[in-house]
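S.K.: predicted model and sequence below, questions to follow.
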Amino acid sequence: MKPCDQTCTSSNDSSVFSSHPLSQEASFLDSQLSFASVPSLATSPQNQCHVLNMNHRCVATLKGQNSYTSSLLLYGGFFFTGSSDGEIRLWKHDALRSTMDSENLTDDNMVVAGKGAVKALVAAEDKIISAHQDHKIRVWKVDKLNNDHQKFTHLATLPTLSDRALKIFLPKNHVQVRRHKTCTWVHHVDTVSALAISSDESLLYSVSWDRTLKIWRTTDFKCLESIAKAHDDAINTIITSSDDHIYTGSSDKKIKVWKQTPGDMKHYLVATLEKHKSGVNALALSRDGSTLYSGAGDRSILVWTKTAGSGYMAAVGALRGHTKSILCLATVSDLVCSGSADNTVRIWRGTENSYSCVAVLEGHKGPVKCITVAFDPTSETISTYLLYSASLDFDIKVWQIFLPPE
């Protein structure tokens, strides 16, 4: 049996699927007018923000990358970046306070991981897990050499060799592929676009442009389940809630909600959310998991809340102001942060049915591909945050944000 190649289809899916990585990447930048039937929740005019409500400044610009940054992760006092040319870099979180050049990093703080872009980074226990354009998922451990140097150790590539070996000899584990080729269902057969971890860190979820959702056990990284045709088009984003609902967003314009069957490892579809006019690129949840935010090529961030007594999500409105596609979202406290193909990051503050855009972060010269945000560990006030934004202009910017009390 030959190793699985990019022509394979997903588990239990005999249809042929293929997508060109460049065309899929370009589709994220396409923008359309927002859905007019969804009311705006922002109290300020569409293209204005109450910028005086929030003080912000760029405290660092990380330069010297040979390609754009495609994924970000804050974990364990470190800042991890994954690039479009397959590199994962590690930076000290508390040292990012001035303009820095990535060429000053040592080889120990960087690893070349696979071919193509590093699409996502997540953490589980003491491991870093990366998703790649070469259809693989890789597991890493970061070993501390001294205060200034850390080293990446490669632990596994998913699907693991043992997982593949157990599946390869049973015909029921094979799916039909293009022109008389077969592949086991544990393989992703296109770019692995996003990852998420369950609340107890026992399960890893992966989604792909091959339209499948796969579930892996984090103790041995065995693939437990593959949901074929989870969406009708490439899946771009996934997020999990504290009550273990799983949300997936796709180029088919839909958001799907999944839940694990009680007493079973199988997952089932809870709901399908349809309001966006174009592909869904990003998802984020409020701190308590009661509000879902979704960003798409229709330039809007839709706000979904759970209906009383049911747990199902309903769209209550939209945050409008970006002039091009929403590419990434992040939340902290009562803030929602959005990055866009219009080269800006917007920060929204609010709850329920009233939001305000309190800041527009300008400085990037290209679309903002990914963001992450957290409390500032060096600040004496809990209302100070650090936001990291990475753009197709190859730069990563670190912003300090101070939010006065309402």
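M.R.: That came through fine. Quick caveat, the model's predicted, so the values are computed rather than measured.
S.K.: list the contacts for the closest residue to N55 other than its chain neighbours?
M.R.: Leaving aside its chain neighbours, N55 sits nearest to F402 (4.5 Å; criterion: Cβ to Cβ, 6 or more residues apart in numbering). In this view, the C-beta of every residue, glycine as well, is placed from N, C-alpha and C. By Cβ atoms under 8 Å, 6 or more residues apart in numbering, the residues touching F402 are 54-56, 381, 383-385.
S.K.: now T331
M.R.: Counting by Cβ under 8 Å, 6+ apart, T331 has contacts 284-287, 293, 337, 373.
S.K.: so what's it bridging to?
M.R.: V336 (DSSP bridges).
S.K.: ok, and the closest non-adjacent residue to I246?
M.R.: I246 sits nearest to W258 (Cβ to Cβ, 6+ apart), 4.2 Å away.
S.K.: ok but that neighbour is inside a strand, no?
M.R.: Yes - under DSSP: H, G, I helix; E, B strand; the rest coil, W258 falls within a strand.
S.K.: does it touch A271 like I think?
M.R.: No - W258 is not in contact with A271 according to Cβ atoms under 8 Å; the separation is 9.1 Å.
S.K.: please say which of the two ends up with more neighbours.
M.R.: Ranked by neighbour count (other Cβ atoms under 10 Å), W258 and A271 place W258 first, with 21 against 17.
S.K.: got the contact list for the more buried one?
M.R.: W258 neighbours (Cβ under 8 Å, 6+ apart): 213, 227, 245-248, 267-270.
S.K.: which of these are buried?
M.R.: 213, 227, 245-248, 267 (16 or more other Cβ atoms under 10 Å).
S.K.: quick check: the farthest pair among those?
M.R.: Distances among these were taken as Cβ to Cβ; the most separated pair is I227 and H245, at 14.8 Å.
S.K.: report how many residues lie close to K266.
M.R.: K266 has 11 neighbours, counted by other Cβ under 10 Å.
S.K.: list the residues that contact the closest residue to it other than its chain neighbours.
M.R.: Sequence neighbours aside, E225 is the residue nearest to K266 in space, at 6.3 Å (criterion: Cβ to Cβ, 6+ apart). Contacts for E225 (Cβ under 8 Å, 6+ apart) come out as 214-215, 265-267.
S.K.: redo these as a markdown table? Include distance to S70 and pLDDT.
M.R.: Shown next, in a markdown table, are the contacts of E225 (distance: Cβ to Cβ, whole Å; pLDDT from 0 to 100):
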| residue | distance to S70 | pLDDT |
| --- | --- | --- |
| K214 | 20 | 98 |
| I215 | 24 | 97 |
| M265 | 31 | 80 |
| K266 | 32 | 93 |
| H267 | 27 | 96 |
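S.K.: among those, name the ones in strands.
M.R.: 214-215, 267 (DSSP state E).
S.K.: quick one on the thing from earlier: okay if I get the contacts of W258 as JSON lines plus distance to S199?
M.R.: What follows is the contacts of W258, written out as JSON lines (distance: Cβ to Cβ, whole Å):
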{"residue": "L213", "distance to S199": "17"}
{"residue": "I227", "distance to S199": "20"}
{"residue": "H245", "distance to S199": "10"}
{"residue": "I246", "distance to S199": "11"}
{"residue": "Y247", "distance to S199": "14"}
{"residue": "T248", "distance to S199": "17"}
{"residue": "H267", "distance to S199": "15"}
{"residue": "Y268", "distance to S199": "18"}
{"residue": "L269", "distance to S199": "20"}
{"residue": "V270", "distance to S199": "16"}
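S.K.: how close does F402 get to G249?
M.R.: 31 Å (Cβ to Cβ, to the nearest Å).
S.K.: E125 contacts T218, correct?
M.R.: Yes - between E125 and T218 there is a contact under Cβ under 8 Å: 7.4 Å.
S.K.: who has more neighbours out of those two?
M.R.: With neighbours defined as other Cβ under 10 Å, E125 and T218 compare such that T218 has more, 18 against 9.
S.K.: just the pLDDT for the more buried one.
M.R.: Note for T218: predicted pLDDT of 96.
S.K.: hang on, the earlier thing: how far away is the residue nearest to I246 from K229?
M.R.: From W258 to K229 the distance is 13 Å (Cβ to Cβ).
S.K.: then Q65?
M.R.: Counting by Cβ to Cβ, the separation of Q65 from K229 is 36 Å.
S.K.: what is the nearest of the contacts of W258 to S193?
M.R.: T248 (10.1 Å).
S.K.: what's across from that closest one in the sheet?
M.R.: Assessed by DSSP bridges, T248 has beta-bridge partners I238, K256.
S.K.: which residues sit in contact with it?
M.R.: 207, 213, 230-231, 235, 237-238, 255-256, 258.
S.K.: most neighbours, which of those?
M.R.: Highest neighbour count within the contacts of T248, by other Cβ under 10 Å: V207, with 31 neighbours.
S.K.: pop out the phi and psi values for that residue.
M.R.: For V207, the backbone dihedrals (degrees, to the nearest 10) come out as phi -130, psi 160.
S.K.: does it touch D233 like I think?
M.R.: No - with contacts counted by Cβ under 8 Å, V207 stays clear of D233, the gap being 11.7 Å.
S.K.: and the contacts of T248, which is closest to H322?
M.R.: Proximity to H322 was ranked across the contacts of T248 by Cβ to Cβ; first place goes to T237, at 16.8 Å.
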